[in-house]
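Asker: Mind folding the following:
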Amino acid sequence: MRIVTNSFMVAVSVLLLWGCCAQNHSISSKSQADTSVNAANRVLIGAMLDSFNVAAARADYARYFDFYTADAIFIGTDATEHWNKANFMVWAKPFFDKKRTWNFRSIQRHIYFGKGGDIAWFDELLSTQMKICRGSGVVVKQNNEWKVQQYVLSMTIPNSQTKQIIKFKAAEEDSIITRLSGNRK
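Answerer: Sure thing, here's the model as predicted:
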């Protein structure tokens, strides 16, 4: 009886251990699958963002704006630049027509994913005519393509230069702060 009980306990222990290992293996496999899907999407998003920047540099208006979703938002470096896609297209058209657009090249990029796999966000440092800028935004998967839903462009300011920059921009931005603060209720 004791041998049967010990054998039974060993068998139960082995089954429990196998079950735990199998469960951990399936979790591990799922994590690996998610990671490889994210890795593949990271490459696709990176290539899309690079093509997006090339389209702007080449003043390819239709191609550049095709990278945006219909409801996209563009937020520029100036505090007054917050446009939906249609308004941004109107603002940008003269620059594209004159072939005087911007030339951004990513020098560092980070991409993160939402749980569903159809939304991601990124931040990147860009080499530009304004020196280093930061681009960040949200991309969504639509019809199996990654599109920019929100893009934010920011100029970077070295910490050692912050006080000088604040003095330089204070008067103009104080008036914007006053105007916008008056709109809040």
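Asker: CA only for contacts and neighbour counts going forward, please
Answerer: Noted.
Asker: Identify the residue spatially nearest to residue 85, adjacent ones excluded.
Answerer: residue 72 (5.3 Å; CA to CA, 6 or more residues apart in numbering).
Asker: For the one you found, list the residues it contacts.
Answerer: Residue 72 is in contact with 84-85, 148-151, counting by CA atoms under 8 Å, 6 or more residues apart in numbering.
Asker: Select from these the one having the most neighbours.
Answerer: residue 148 (26 neighbours; other CA atoms under 10 Å).
Asker: Verify the stated contact: that one with residue 140.
Answerer: Yes - at 6.6 Å, residue 148 and residue 140 qualify as touching, with contact defined as CA atoms under 8 Å.
Asker: Give me the common contacts of those two.
Answerer: Joint contacts of residue 148 and residue 140 (CA under 8 Å, 6+ apart) do not exist.
Asker: Could you list the single helix or strand in this protein with the lowest mean pLDDT?
Answerer: Ranked by mean pLDDT, DSSP states H and E, the helix or strand of the chain with the weakest confidence is helix 2-57, at a mean of 64.
Asker: pLDDT on the next helix or strand after that helix, on average?
Answerer: Next along the chain after helix 2-57, taking DSSP states H and E as the criterion, comes helix 61-66. Averaging pLDDT along helix 61-66 gives 98.
Asker: same for helix 61-66, what does it pack against?
Answerer: helix 2-57, helix 85-97 (3 or more CA pairs under 8 Å, 6 or more residues apart in numbering; DSSP states H and E).
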